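In: any chance you can model this:
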Amino acid sequence: MSVIDAFLDALWLEQGASDHTLAAYRRDLTAWHSHLESHGEALLAPPPERLSEWLASRREEGYQLRSNARLLSTLRSFYRWGRLNNQVESDPLTDIKLPRVIPGLPNTLEEDEVERLLMAPDTDTPLGVRDRAMLELLYACGLRVSELVGLTGDAVNLSQNVVRVRGKGDKDRLVPMGEEAADWLAHYMQSARLALMSDPTRPALFPGRGDKAMTRQTFWHRIKVHAITAGITRPLSPHTLRHAFATHLLNHGANLRVVQLLLGHSDLSTTQIYTHVAQARLESLHAEHHPRG
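Out: Predicted structure coming up:
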């Protein structure tokens, strides 16, 4: 087993890191290892100046500050683990500071745009009912798309209007879904789901092909189709409704820590970006409507 594999195994065992996170760490460490090998140098004993030179060359190649910051974070975790496990004698990143990255504001939708998007599917068809239920649930609960398509039938409690969501690191959380989303989900489960599945006892709540869970790519395609129907022309992302969920909650006075719990963020600082979005919206409204704006 290579030292990179050992580090990734430790991340998985000790922190419950997701496959996506582990893959990103592996890419960063493999790129760094290859760069060192091209200079005849070892991963566990790089010269102190090599990383600064590499970061500078990456910037010249067009890599963004955020990309270099993530790379440094990966290497810092790796060498910290190496010192604790007697793999390296000293940390080559001791004198290198992480660049300060100001997070960009996420793209979101106004409340009337969300309303138009939710109403876009043709609910006279089983597929339309399925899509409406998915969109309602995504917005009502602030789910990640991967969390939505990964839901199983037994994760839904319609008597209490909550859904059990498995998030990053395989951590479960209970999220209230609200009456509108619960009504559409009940309607879907009682009719459209039975029509769409050849075997309704299969676990996937929202099936794609062959009674298997819908893929993220398929659902993202469905969102883009419905956005065209709704006349929404602004750029969207797979997280658009999740961003809208958090921003609209804060706009209506929700507590930041409550939003953190609902989103499943382990760190409050991750949630705080939405306070900037809400503030930007308030400033825009002030500038548009105040006589001295």
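
In: residue ranges of the helices in the chain, please?
Out: 3-15, 19-38, 48-60, 65-84, 111-118, 126-141, 145-149, 178-187, 193-196, 216-229, 240-251, 256-263, 268-271, 273-289 (DSSP state H).

In: of the ones you listed, which is nearest Val156?
Out: Closest approach to Val156 among those is made by helix 178-187 (6.5 Å; Cβ to Cβ). C-beta: built from backbone N, CA, C; applies to glycine.

In: what helices and strands are in contact with that closest one?
Out: helix 126-141 (3 or more Cβ pairs under 8 Å, 6 or more residues apart in numbering; DSSP states H and E).

In: convert the helix it packs on to CSV, retaining C-alpha atoms only.
Out: Taking Å, rounded to 0.1, in the frame of the first residue of the first chain, the C-alpha atoms of helix 126-141 are listed here in CSV:
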residue,chain,number,x,y,z
PRO,A,126,-46.8,10.4,-14.0
LEU,A,127,-43.4,11.8,-15.0
GLY,A,128,-44.7,15.4,-14.3
VAL,A,129,-46.0,14.4,-10.9
ARG,A,130,-42.6,12.8,-10.1
ASP,A,131,-40.7,15.9,-11.2
ARG,A,132,-43.1,18.2,-9.3
ALA,A,133,-42.6,16.1,-6.1
MET,A,134,-38.8,16.1,-6.5
LEU,A,135,-38.7,19.9,-7.1
GLU,A,136,-41.0,20.5,-4.1
LEU,A,137,-38.9,18.3,-1.9
LEU,A,138,-35.6,19.8,-3.1
TYR,A,139,-36.8,23.3,-2.3
ALA,A,140,-38.7,22.5,0.9
CYS,A,141,-35.8,20.6,2.5
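
In: between the helices of the chain, which has the poorest mean confidence score?
Out: Mean pLDDT is lowest for helix 273-289 out of the helices of the chain, coming in at a mean of 56.

In: from the chain's centroid, how far away is stretch 21-30?
Out: Stretch 21-30 has its average C-alpha position 17 Å from the chain's average C-alpha position, going by Cα atoms, centre = their mean, to the nearest Å.

In: contacting residues around that stretch?
Out: 4, 7-8, 11-12, 17, 43, 70-71, 74-75, 77-78, 168 (Cβ atoms under 8 Å, 6 or more residues apart in numbering).

In: could I get the residues you listed as a markdown table with distance to Leu117?
Out: Putting the contacts of stretch 21-30 into a markdown table (distance: Cβ to Cβ, whole Å) gives the following:
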| residue | distance to Leu117 |
| --- | --- |
| Ile4 | 43 |
| Phe7 | 42 |
| Leu8 | 39 |
| Leu11 | 37 |
| Trp12 | 37 |
| Ala17 | 33 |
| Leu43 | 48 |
| Arg70 | 31 |
| Leu71 | 36 |
| Thr74 | 36 |
| Leu75 | 41 |
| Ser77 | 39 |
| Phe78 | 42 |
| Lys168 | 25 |
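
In: which of those residues sits closest to Tyr188?
Out: The closest of the contacts of stretch 21-30, once distances to Tyr188 are taken by Cβ to Cβ, is Lys168, at 26.2 Å.

In: per the annotation, how does the chain divide into domains?
Out: 3-84, 111-288 (automatic domain parsing).

In: quick revisit: farthest pair within the contacts of stretch 21-30?
Out: Leu43 and Lys168 (27.5 Å).

In: give me the more crowded residue out of these two.
Out: Comparing Leu43 with Lys168 by neighbour count (other Cβ atoms under 10 Å), the higher total belongs to Leu43, at 21 against 16.

In: returning to what we had before: okay, the helices of the chain in JSON lines with distance to Arg202 and mean neighbour count next?
Out: Below are the helices of the chain laid out as JSON lines (distance: least, Cβ to Cβ, whole Å; neighbours: other Cβ atoms under 10 Å):
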{"stretch": "helix 3-15", "distance to Arg202": "29", "mean neighbour count": "15"}
{"stretch": "helix 19-38", "distance to Arg202": "23", "mean neighbour count": "15"}
{"stretch": "helix 48-60", "distance to Arg202": "46", "mean neighbour count": "13"}
{"stretch": "helix 65-84", "distance to Arg202": "38", "mean neighbour count": "16"}
{"stretch": "helix 111-118", "distance to Arg202": "27", "mean neighbour count": "17"}
{"stretch": "helix 126-141", "distance to Arg202": "15", "mean neighbour count": "23"}
{"stretch": "helix 145-149", "distance to Arg202": "14", "mean neighbour count": "21"}
{"stretch": "helix 178-187", "distance to Arg202": "17", "mean neighbour count": "17"}
{"stretch": "helix 193-196", "distance to Arg202": "10", "mean neighbour count": "16"}
{"stretch": "helix 216-229", "distance to Arg202": "17", "mean neighbour count": "15"}
{"stretch": "helix 240-251", "distance to Arg202": "26", "mean neighbour count": "22"}
{"stretch": "helix 256-263", "distance to Arg202": "29", "mean neighbour count": "17"}
{"stretch": "helix 268-271", "distance to Arg202": "34", "mean neighbour count": "14"}
{"stretch": "helix 273-289", "distance to Arg202": "36", "mean neighbour count": "14"}
